[in-house]
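1. sequence first, predicted coordinates after that:
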Amino acid sequence: MASLLDPHARGRVILVGAGPGDPDLLTLRAVEALRQADVVVHDGLIDPRVMDHAPASAQRISVAKQRSRHTLPQEAINALIVAHVKAGSVVVRLKGGDPFVFGRGGEEVEAVRAAGLRVEVVPGVSAALGCAAEAMLPLTHRDWSSAVSFVAGQCKGLSEQDWSGLAGRGRTLVIYMGLANARAIADKLMNDGVAPDMPVAVLERGTLPGSRALRTLLADLGDMVDRDGVQSPAIIVVGEVVLLSDAESRLAAFAAQAEALA
């Protein structure tokens, strides 16, 4: 079957990952899709410069979501996309990061397919990969971590999630949407046996102007978020690989914090 990016094909959905923020991290395929859009249905965290790749005539519809407050429920977003496609539009559904990594892209694909419509997915650089790269923080490393896991810090309630074995020596845990629950997340991990002095990084506004990479120990995570006024969007990385991102200047500080926690 021909690609749905065929400019002559009408009435279709292209689900596009916009990457972690910096428009320079868009894929060439994402830019190509945006240039064909009649309608762009976009998340709230999309950099305005990304939208500049869409035609000036394209209708732009924000379906921004914030913690505990959505402009539209997911079912309404699905219905909106389907309605525009049925009207013959090329709809680009633009999502931050990658559509299939905590982006609910799977639900939207199901809705479009259930309506008998055509859909294509253009992957994007996920927030974890983009933010970690900017911070020079390898999520895996031959000497330090042979596994990496991605979890949602608020999905269906923190207490319902089983993270057993996801964090600890030789493993890296990346937590999306965990900032508001940072203190509870630290307690949860320590109760599961993760050492209080496990290195942690909080990557705030990764790849965007004003980005920060803050590092501390697990037991200090909640206090650091409050102390440094960390704001969303941000991801939390738990694991020994955090030391590698700025090892020489941070080892002494970590040692001092560990001694204070003892």
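-> Noted; the coordinates are in hand.
2. quick one: residue 198 and residue 172 touch, right?
-> No: in terms of CB atoms under 8 Å, residue 198 does not count as a neighbour of residue 172; the distance is 10.6 Å. All C-beta spots, glycine's among them, are computed from the backbone N, C-alpha and C.
3. same drill for those two, tell me which one is more crowded.
-> More crowded of residue 198 and residue 172, by other CB atoms under 10 Å: residue 172, with 27 against 22.
4. hang on, the earlier thing: who touches both of residue 198 and residue 172?
-> The contact sets of residue 198 and residue 172 overlap at 238, 239 (CB atoms under 8 Å, 6 or more residues apart in numbering).
5. look up how far residue 122 lies from the nearest residue to residue 77 once chain neighbours are set aside.
-> Using CB to CB, 6 or more residues apart in numbering and skipping the chain neighbours, the partner closest in space to residue 77 is residue 63 (5.1 Å). Residue 63 sits 18 Å away from residue 122, taking CB to CB, to the nearest Å as the criterion.
6. higher neighbour count, the two?
-> Remark: of residue 63 and residue 122, residue 122 carries more neighbours, 26 against 20, as counted by other CB under 10 Å.
7. residues near the nearest residue to residue 131 once chain neighbours are set aside, how many?
-> Distances taken as CB to CB, 6+ apart put residue 206 closest to residue 131, at 2.8 Å, once the chain neighbours are dropped. Using other CB under 10 Å, residue 206 has 23 neighbouring residues.
8. residue 206: which element?
-> Under DSSP states H and E, no helix or strand contains residue 206.
9. now do the contacts for it.
-> 20, 21, 127, 130, 131, 132, 134, 135, 233, 234, 235.
10. nearest to residue 143 among those?
-> Set against residue 143, the nearest of the contacts of residue 206 by CB to CB is residue 132 (17.0 Å).
11. need the phi and psi values for the closest one.
-> phi -60, psi -40 (degrees, to the nearest 10).
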